[in-house]
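> Predicted model follows, preceded by the sequence.
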Amino acid sequence: MFSNLLIANRGEIACRVIRTARRMGLRAIAVYSDADRDAPHVKAADESWYLGPAPAIGSYLDIERVLDVALAAKAEAIHPGYGFLSENPDFARACQERGIVFVGPGERAIRTMGLKDAARGLMAAAGVPVVPGYHEGEGAPAAARDGSEGEGGEGKESPEALLERARAIGFPVLIKAVAGGGGKGMRLVESPDRFIDALAGARREALSAFANDRVLIERCITRPRHIEVQVFADASGNAVYLFERDCSVQRRHQKVIEEAPAPGMSQRMRRSIGEIALMAARAIDYRGAGTIEFIADASQGLREDRIWFMEMNTRLQVEHPITEMITGTDLVEWQLRIAAGEPLPLSQEALSIRGHAVEARLCAEDPARDFRPATGRVAHLRLPPAASDIRIEIGIDEGGEIGPHYDPMIAKIVAHGENRAQALDRLAEALGGFELAGVATNRRFLARIVDDPLFRAGEVETGFIAERIDTLASPAPIPEAVLAGAALIVGGWTDLSLDEPGRGGRSAGGTEKDREKARISGWSDPWSTHRNWRLWGEAKRDISFTLDETPFEATLRMDGEGECRIDIASNIESGIESELALYPKALAKGASLIRFELEGRRMEVRLRPASQGIHLLFEGEDFFLVQAQGIRKEDEAQAGSGRIAASLPGKVVDILVRAGDRIERGAALVVLEAMKMELSVDAPRSGLVERVHVAVGESVAEETVLITLASVDDPASTESEG
């Protein structure tokens, strides 16, 4: 066994590998970029080395830089985690050439299975069932090629030639990048008239992500389930499967919730696909951890004759913890031992399924805004209570920054139970106890999925989320307790003691640092103002504020005994159709919380100051409170100006309009790439494009102006055509 292990990754997977390495007595070496200098994986390692700038191309994806650091740190082995260089055959070869153990399969296996067309042909030859389809360049005559060269020297085919292939397969079809994975370079095409545009988008995305824009076309299974099998093989040719995982709950081909074992899978079918998975691994002389992904037609339940090979991932999967929880294994330890030349720790006969496990991926994204990636500083983080049946894999801590350079996944919440129902109940409880403020997340979205009756029944397919997106992703009404807390804060409630009796004297405005932050941002300290309040009798105050960008107007009346009435004006935008009257009884407050009774129930809202307002935390949710004076007029002025800006940092990958174009409201103007996703920037109103400020390939910061529309007062912007 080697002694010094470098982890060529970041975030939660780096923390995960470090944990096992240290338990095994290995020296764990971390690497980091400018964005990760204070990240948890850096602190958890025995030593840490700087790689380069925040963009991955200059740090985590730079093969020579990673290897230079590995040699300088005297690393004997490198664990690549997942993503980044984990499935790069050139990296595996470079490690071998420098005498460093690559914790993974060999170069040939990675290269073969990384090209979907080659993998498909090899699997079909080995007797593994494959989905009917066509891969680009497969027997195409020279006349069908467009003259450009893809990886391997084979020419790409023209869009028209591929359209004819798609017609022969039969619509709907899936276009997939041959070198792709994780949904990148993939498009569902339901009719011939949409094929050419979808092909162009898939090629562009594939070229950006994999430097290879060749594609394959497959028949689309209309009621698909995504089933995958975990396999392991050692250097002696021994191989085992550690059962299956169901990853059917997806959004845009990205996994959201995974579970093991698959609901509705019979023991006979489990053995059958396990043996097929081993057949696939042996066909390429595989070594280490791998996952064989299958697509199943669920229209008649899970059947052995309705499941086909889709692809192989030649690395550890994001969702590996659920396999660990149902088998009682440590798959990272297995990887390390096999890489060191040791045999498989267990035989197939020694492996069995123990209960059920479910994993939810917590991501920095806003489901109510079409899952737009979110960035910012984590103002507050509280994890669910530790338990043997709950596992949290996380790669950020309180105060950490979530930037635009990497995948938006923040954490994985994993629950285990004796059966599926118990595992889901425990996952729901863990999601309810997970608090993160400062950055939008999909926590509520995940909780809704877990509570969905159809999901609870195990009757899901890959279209499950798309069919229920309006219900699952819609913004939740703001709780009355949060409205009451916000009104008390903005109203300047000051007549009660700051802390509970006997807790000691903390100042009303929090720390001096908090008060200074408030002064800089223009936030009025609600604990230090006495305007409009008096000690005896009833006082009245009119206030306005925004919660999560929704404006509210209210009137407060409070007497000297802490009795309060809050009248919140009707607000269609927030779902308040008529005036709402709330009667909170104030109990206690401090720099970090307020406590009151509402309709006989004790409520607690915790506070975390930020540069532009205050985060209110209630029952696991984060609501952002801002005083509203002047804000709406400024927003309206910005909209009227016609300046359309980037909502987060990214790279311009396509510009769909030119100066002088007349566009309609909602038209796509610019395509940005951020956090490994393509995001469309759409027109907020109809009008005339006055100027395009950016170019394809340009990196833009948040709030960079991309497009200017002619002013609404400009006659040129409103005159009719013709």
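Structure's in. What do you need?

> where's the residue lying closest to R420 once chain neighbours are set aside relative to M558, distance?
Sequence neighbours aside, H356 is the residue nearest to R420 in space, at 4.4 Å (criterion: CB to CB, 6 or more residues apart in numbering). Backbone N, C-alpha and C define where each C-beta goes, glycine included. For H356, the distance to M558 equals 52 Å [CB to CB, to the nearest Å].

> And for P384?
P384 sits 36 Å away from M558, going by CB to CB.

> Neighbour count for those two, which is higher?
Just comparing P384 and M558: by other CB atoms under 10 Å the higher neighbour count belongs to M558, 24 against 18.

> nearest residue to the more buried one other than its sequence neighbours?
Excluding the flanking residues, the one nearest M558 by CB to CB, 6+ apart is C564, at 4.5 Å.

> For that neighbour, I want the exact helix or strand it lies within.
Element membership of C564 [criterion: DSSP states H and E] is strand 564-568.

> List of residues touching the very next helix or strand once past that strand?
Once the chain leaves strand 564-568, the next helix or strand it forms, by DSSP H and E, is strand 580-582. When contacts are defined by CB atoms under 8 Å, 6 or more residues apart in numbering, strand 580-582 is touched by residues E480, L483, A484, A487, R565, I566, D567, I568, S570, L598.

> The second one is in contact with T546, isn't it?
No: between L483 and T546 no contact is recorded; they are 11.8 Å apart, counting by CB atoms under 8 Å.

> Could you tell me which residues touch both of these two?
Listed as contacting both L483 and T546 by CB under 8 Å, 6+ apart are F552.

> So between those two, which is more surrounded?
Taking other CB under 10 Å, L483 and T546 do not tie; L483 has more neighbours (25 against 17).

> ok now do R658, which residues does it touch?
R658 neighbours (CB under 8 Å, 6+ apart): V689, V692.

> Now do the domain split for this structure, please.
4-103, 132-219, 480-629, 639-718 (automatic domain parsing).

> Most tightly packed of those?
Counting by mean count of other CB atoms under 10 Å, domain 4-103 has the highest mean neighbour count of those, with a mean of 20.

> Break down the stretch 201-350 of the chain into its strands, ranges please.
Under the criterion DSSP state E, counting those that start in this stretch, the stretch 201-350 of the chain carries strands at the ranges 215-219, 224-233, 239-251, 254-260, 288-297, 307-313.

> Compute the distance between T375 and I57, please.
T375 is 19 Å from I57, by CB to CB.

> now do M279
Going from M279 to I57 by CB to CB gives 37 Å.

> just A72 next, same as before
Taken as CB to CB, the span from A72 to I57 is 21 Å.

> same check, this time on I221
Relative to I57, and taking CB to CB, I221 is found at 35 Å.

> Doesn't A484 lie inside a helix?
Yes: judged by DSSP: H, G, I helix; E, B strand; the rest coil, A484 forms part of a helix.

> Now stretch 318-334: buried residues?
Within stretch 318-334, the residues that count as buried by 16 or more other CB atoms under 10 Å are 318-327, 329-332, 334.

> and that stretch, average pLDDT?
For stretch 318-334, mean pLDDT is 99.

> Show me what the strand holding C564 pairs with in its sheet, parallel or antiparallel.
Looking at strand 564-568 with DSSP bridges, its partner strands are strand 550-558 (antiparallel), strand 580-582 (antiparallel).

> what about that strand, distance to the chain center?
Chain-centre distance of strand 564-568: 39 Å, with CA atoms, centre = their mean, to the nearest Å.

> Who are the contact partners of the residue lying closest to D330 once chain neighbours are set aside?
Using CB to CB, 6+ apart and skipping residues adjacent in sequence, the residue nearest D330 is T20, 5.8 Å away. Contact partners of T20, counting by CB under 8 Å, 6+ apart, are D330, V332, E333, L336.

> All good on my end, thank you.
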